[in-house]
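K.L.:
structure for the following, please:
(3 chains)
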Amino acid sequence: MDKSAALLRIENVRKQFGPLTAVDSLSLEINRGEFFALLGPSGCGKTTLLRMLAGFESPTTGRILLDGTDIVAVPPHRRPINMMFQNYALFPHLTVEGNVAFGLRQERLSRAEIAARVEEMLALVRLKGFNRRRVDQLSGGQQQRVALARSLVKRPRVLLLDEPLAALDKKLRAETQFELMELQRKLGTTFVIVTHDQEEAMIVADRIAVMDRGRLMQVAAPNDIYERPSSRWVAEFIGEVTLIEGALRADGILDSALGPLRVPENIAARGKAWLALRPEKLRLSATRPEENLNALPGTVFEVGYRGGVSIYKVRLADQSLVKVALSNSGPTEGQEMSIGAKLWVAWPKENGVVLTQ
Amino acid sequence: MGLWNRRLVLFVPYAWLLLFFLAPFVIVVKISLSQTAIAQPPYVPILDLSAGWRGLTTFFSALSFDAYRLLASDAIYLFSYLKSLTVAAISTVILVLVGYPIAYGVARSPRHWQPPLIMAIVLPFWTSFLIRVYAWINILQRDGLLNDILLRLHIIATPQAWLASDTAIYIGIVYSYLPFMVLPLYATLEKIDIALLEAAADLGCTPLRAFWMVTVPLSLPGIAAGVLLCFIPIVGEFVIPDLLGSSESLMIGQTLWTEFFANRDWPVASAIAVTLLAILVAPIMVYERLQRRHLETPK
Amino acid sequence: MRRNVSVFNLISIVLGLAFLYLPIAILVIYSFNASRLVTVWSGWSLAWYRELLSDEAMIAAAWTSLRVAALSATAATVLGTLAAIALTRFGRFRGRVVFSGMIYAPLVMPEVITGLSLLLLFVALNLDRGFWTVVLAHTTLAMCFVTVIVQSRLLDFDRSVEEAAMDLGCPPFKTFVIVTLPLILPAIAASWMLAFSLSLDDLVIASFTTGPGATTLPMRIYSEVRLGVKPEINAVCTIMIAVVALGTITASLMAKRGARRRERGALGAQV
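P.N.:
Okay, here's the model as predicted:
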């Protein structure tokens, strides 16, 4: 048995539906015990990839290795992988207990053992005492926990979750995210979650694979993806960003339409590049900032008040807009920050990220 | 599903239908090419496979088109076909005219009323077909209810003969086949998004024009299904014209029945069936196409 | 399409229902009429029902019809469900067009043609006509109706429960038996009932394919009706109507409970 960290190895997997390529020669490693997220816009192939892991789709070419063994030819009912479905797919003609015990009954365990494990799992998902209830009498949140219990009770090597929180309202979603993380930590099972909600992916996942149109754009931990995106596409997909186009010079300067801008040192690349600026890394001031900061003059175009944070859209000299996020940590300073105010946008050179693609 | 399981699931109904639906048609064609005989069964030739090749050749040489010649020569058969087609066409039109308002009415009623209303329309269908036709005899006979009421209301002076007439046949057919027209119409009408009518109104359409320009075109598939579901079987109807119609002009179903049961002329009866089938083959295939599209395109 | 119930709609529905139910209502009422004549009402009476009970031929025919209906309905339901599975789950297979053609044609084919052709088949196969040939004939006709109903249900069926079952270790065939079948059972039950009433009601095909000693109820009624209206017939018909109405209402109530449960379950997932 392969004792390396990688539990699941996806090798050059390609899935074709007629003329449409849903997944395009994708290779990926998912580690033991990690909470892994597949993130991307609709149609990027993440659900197709998940279904290939579960066994409901077969790759056109490529291998999927679980602990070193290729499982592509193994049908879903024989894989040690379980899935939690987006619409829960609970069996309406069975009780909660019947649903949770279903998978164990296929393994031919003793009745005592099945009962014990069902009890244990129901307690874990906080549905103790719900055994005899019919599934159509449960609320959405409760149904979801039954679905979770049902797929975890078999102690699978990998648990796949297909947009599990999409049907929940915001508050319930936030609570459930933490519950899922806690559960995963406690059990140590490898979780693979598919989601289109980037905030969710960043909260729950240890590592995220960002996908677009069947291709992997970047695989990294959440803070790496946010702070060090590998391309403009990823930078724009995750969070807010302003991109300034220019040409990299040897002395740590990016020549742009707004003038020379200082970039972090040790950038080896030369030629066409973009400077990615996250809104919270920029400052606004009425007076011209110190010499060692990058500074651009501009006019406030729009203010988006969001309670804890305000997003300012500032129009620069070349008519482009830059977004600046300021926390409203005190009573909001008055007129200097309102629409039409003339301000300076400033940032130290380390706060910018240089992207070459 | 295991490959042999799959094969079995398909094989059993397939074989059944091949044997009990398709094969019989071949036999009907064969009998239509035979000649009547006073024998059991009442036709010759009989295929005798034990006679080998000789048996086959004598068999084929004994086949004759006599039955078809009879059909072509005697005008009574032509009239029978024409009458059947005419009655079917007219009744189908009446069914559309009567069924459409009913289906439309149910489709536009409040959601929770629709299932019980549809059940109320379908329930008579579940009671015996024969009974319902018979119920009309009760009403239409000389000393029946209709005459009774009309006499009392002084609309007529003497009891009329409602039975044994084409009118009675039409009443019987419309009565029996109404659910077959209403159900497909309702199914199509019910799916029409009311927002389309609201859009039409918003763009200046009166309710009547919106009905003709939006509702009716969108309900055409339902009309097509209902028309085919009624027209084709009505052509071959037997019970209704037999019980309610006159013995003067017979519909083709009755002609076939008479030839078979009364005249014991199996070849002619088979020839009638084959010709009828040939006439109906086109609409049947249109119906099949409609069904396939409806039931076999993924939703 | 919903909302404003216009007067026109209301009148259409009321007139339509009146047209459909009046003849039946009249029939039922006159089965209790003491007088033989339909036009003369001479008081309530159960006389005709009593006469019915002593009409041995009629009772024998009813018993035959019930047995034929039960047997053919069951066989038709099995065959029709198999056909529906093949048509919805097997994708494209060789001979699919012929197969579906054979399924949809009997739905509209005039009964005189099917009846005649089946009889000729039985003669060619040298089968003695009687009880069993009628059962075979009714099974063939009814299975097509069963297929269409079950097929419709299978198309609406949410396959994610099947995937969930397989994901939890249940092999495909077992999944079908313990997950899919229970959930499409209402449709299968409804088609059994339809097959039953089709058989119970059939006159033409039974007349062609039956033999001595196997007279069905419709055949009996038909031969009596040709001689004119008889009050005993009213009584028979009323009983048949009552039985069928009761059965249909019970079945639809059960189906509604099942559907309501499913709806609540589906709504719950969206909450």
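K.L.:
and the gap between C:Ala164 and A:Phe102?
P.N.:
Remark: distance between C:Ala164 and A:Phe102 (Cβ to Cβ, to the nearest Å) = 8 Å. Where C-beta positions appear, they are placed from N, C-alpha and C, glycine not excepted.
K.L.:
what touches both of these two?
P.N.:
Both C:Ala164 and A:Phe102 are in contact with A:91, A:150, where contact means Cβ atoms under 8 Å, 6 or more residues apart in numbering or on different chains.
K.L.:
which one's more surrounded, the two?
P.N.:
Neighbours per residue, other Cβ atoms under 10 Å in any protein chain shown: of C:Ala164 and A:Phe102, the larger number sits with C:Ala164, 28 against 22.
K.L.:
pretty sure B:Ile102 contacts B:Leu183?
P.N.:
No - with contact defined as Cβ atoms under 8 Å, B:Ile102 does not reach B:Leu183; the gap is 10.5 Å.
K.L.:
can you name the residue of the stretch 101-250 of chain A nearest chain B?
P.N.:
When you check the stretch 101-250 of chain A against chain B by Cβ to the nearest Cβ, the closest residue turns out to be A:Gln106, at 16.9 Å.
K.L.:
who's in contact with that residue?
P.N.:
Remark: with contacts taken as Cβ under 8 Å, 6+ apart, A:Gln106 is in contact with A:77, C:168-170.
K.L.:
which regions of chain B sit below the pLDDT cut-off?
P.N.:
Per-residue confidence for chain B (pLDDT under 70) gives these ranges: B:1-2, B:38-41, B:44-55, B:58, B:126, B:296-299.
K.L.:
in it, mark out all the strands, start to finish.
P.N.:
B:35-36, B:43-44 (DSSP state E).
K.L.:
and the first one, what does it pack against?
P.N.:
Counting contacts by 3 or more Cβ pairs under 8 Å, 6 or more residues apart in numbering or on different chains; DSSP states H and E, strand B:35-36 is packed against strand B:43-44, helix B:266-296.
K.L.:
how about B:Phe129, nearest residue that isn't a chain neighbour?
P.N.:
Taking Cβ to Cβ, 6 or more residues apart in numbering or on different chains, and ignoring the residues beside it in sequence, B:Phe129 has C:Asp201 as its nearest neighbour in space, at 5.1 Å.
K.L.:
now the helices and strands packed on strand B:35-36 as JSON lines including distance to A:Glu34 and mean neighbour count?
P.N.:
What follows is the helices and strands packed on strand B:35-36, written out as JSON lines (distance: least, Cβ to Cβ, whole Å; neighbours: other Cβ atoms under 10 Å in any protein chain shown):
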{"stretch": "strand B:43-44", "distance to A:Glu34": "81", "mean neighbour count": "19"}
{"stretch": "helix B:266-296", "distance to A:Glu34": "45", "mean neighbour count": "19"}
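K.L.:
export the ones you listed to CSV and tack on distance to chain C?
P.N.:
Formatted as CSV, the entries for the helices and strands packed on strand B:35-36 read as follows, by distance: least, Cβ to the nearest Cβ, whole Å:
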stretch, distance to chain C
strand B:43-44, 9
helix B:266-296, 5
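K.L.:
how close does the most centrally placed residue in chain C sit to chain B?
P.N.:
For chain C, the residue nearest the mean C-alpha position is C:Leu194 (2.1 Å; Cα atoms, centre = their mean). If you measure C:Leu194 against chain B using Cβ to the nearest Cβ, to the nearest Å, the figure is 8 Å.
K.L.:
fine by me, we can end here.
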